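give me a model of this one.
(2 chains)
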There are 2 protein chains.
Amino acid sequence: MDYNALATQFTGFYYNQFDSDRSLLGNLYRENSMLTFETSQNQGVASIIEKLTSLPFTKVIHKVSTLDAQPSGENGTILIMVTGSLLLDEEQNPQNYSQVFHLVPEGGSYYVLNDIFRLVYGC
Amino acid sequence: MDYNALATQFTGFYYNQFDSDRSLLGNLYRENSMLTFETSQNQGVASIIEKLTSLPFTKVIHKVSTLDAQPSGENGTILIMVTGSLLLDEEQNPQNYSQVFHLVPEGGSYYVLNDIFRLVYGC
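This is a model prediction of the structure:
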């Protein structure tokens, strides 16, 4: 599978799972995985899932605006940058965000080694 | 040097050089380097510099809003995500952008293996 198709498939799965039940995202991470979510940093599956599930919203809808991918080494890793918007709970106004995923191949699939998320505020 | 300090130093150097004379950024790339700039993709030093110098503006000022870094493997590579704004030529309104750099160590320094840039438009 080419890296663009894989990036599209991965992000589609990731945001669908995040928006339906983000407590189940743990399969995508490993003990060496890192999450930077705004100013907080977490490493490892339990710590990352604890962070994601403790975020102060119940409903969330991600909408991807741009999705770019590049191979990031000779070992099959893939770098993905997403820009998009998300709508929280009963809010009327979506917020812009940017997110990076660094995917590492493992047994025919991929896991997330690096995950960096930031809201993007107006200029 | 820790990866946060290195990310700060690198991005400071990169944007200063970009904003003063972006034709001189070639030292930061190698033949296997990739640039995604909006919808265009370039690989290799000459192709990347040709793209950067052909961008249709003369003056540009980058302003970094957030800068996050993570080690991205066991070989000393570093992943950086920047969100910020840029002001072009005589325009009055800055535009938001997001950019990812994947840095690879080489002889005591680093080069850019992956570079993905996107403007971030309002929701």
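
and the longest helix for chain A?
Counting by DSSP state H, the longest helix found in chain A is helix A:3-21.

beta partners of the residue nearest to A:Val120 when sequence neighbours are not counted?
Nearest non-adjacent residue to A:Val120, counting by Cβ to Cβ, 6 or more residues apart in numbering or on different chains: A:Asn96, 4.1 Å away. For glycine as for every other residue, the C-beta is placed from the backbone atoms N, C-alpha and C. With DSSP bridges applied, A:Asn96 shows beta-bridge pairing to A:Ser85, A:Val120.

next: A:Leu79.
Applying DSSP bridges, one finds that A:Leu79 bridges with A:Gln70, A:His102.

need the contact list for A:Ala69.
Applying Cβ atoms under 8 Å, 6 or more residues apart in numbering or on different chains to A:Ala69 gives the contacts A:Tyr3, A:Asn4, A:Leu6, A:Ala7, A:Ile78, A:Leu79, A:Ile80, A:Met81.

again, only this time at 7 Å
A:Ala69 makes contacts with A:Tyr3, A:Asn4, A:Ala7, A:Ile78, A:Leu79, A:Ile80, as judged by Cβ atoms under 7 Å, 6 or more residues apart in numbering or on different chains.

now the two most distant members of those.
A:Asn4 and A:Leu79 (11.9 Å; Cβ to Cβ).

I'd say A:Phe10 and A:Val104 touch.
No: with contact defined as Cβ atoms under 7 Å, A:Phe10 does not count as touching A:Val104 (11.8 Å).

quick check: neighbours shared by those two?
Shared contacts of A:Phe10 and A:Val104 (Cβ under 7 Å, 6+ apart): A:Tyr110.

what's the helix or strand for A:Ile48?
Per DSSP states H and E, A:Ile48 falls inside helix A:45-53.

mean confidence for that helix?
Helix A:45-53 shows a mean pLDDT of 98.

kindly report the same for stretch A:85-92.
Averaging pLDDT along stretch A:85-92 yields 95.

with just CA atoms, put that stretch into CSV.
Below are the C-alpha coordinates for stretch A:85-92, written out as CSV (Å, rounded to 0.1, in the frame of the first residue of the first chain):
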residue,chain,number,x,y,z
SER,A,85,-11.3,21.4,12.8
LEU,A,86,-13.1,19.9,15.7
LEU,A,87,-16.5,20.6,17.2
LEU,A,88,-16.9,19.9,21.0
ASP,A,89,-20.1,19.0,22.8
GLU,A,90,-22.8,21.6,22.2
GLU,A,91,-20.5,24.3,20.9
GLN,A,92,-21.5,26.0,17.7
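
residues of it that come out buried?
Judged by neighbour count (16 or more other Cβ atoms under 10 Å in any protein chain shown), stretch A:85-92 contains these buried residues: A:Ser85, A:Leu86, A:Leu87.

go on, stretch A:4-18?
By 16+ other Cβ under 10 Å, the buried positions in stretch A:4-18 come out as A:Leu6, A:Ala7, A:Phe10, A:Thr11, A:Tyr14, A:Tyr15, A:Phe18.

for these, work out which two are farthest apart.
By the measure Cβ to Cβ, the buried residues of stretch A:4-18 have their two most distant members at A:Leu6 and A:Phe18, which lie 18.0 Å apart.

for chain B, what's its nearest residue on chain A.
Shortest chain A-to-chain B distance, computed as Cβ to the nearest Cβ: residue-wise this is A:Ser98, at 3.8 Å.

what's the neighbour count on that residue?
By other Cβ atoms under 10 Å in any protein chain shown, 26 other residues sit near A:Ser98.

give me the element the closest residue to it other than its chain neighbours is part of.
Spatial nearest neighbour of A:Ser98, excluding adjacent residues (Cβ to Cβ, 6+ apart): B:Ser98 at 3.8 Å. Assigned by DSSP H and E, B:Ser98 belongs to strand B:95-106.

now that strand: buried residues?
Using 16+ other Cβ under 10 Å as the test for burial, strand B:95-106 gives B:Asn96, B:Tyr97, B:Ser98, B:Gln99, B:Val100, B:Phe101, B:His102, B:Leu103, B:Val104.
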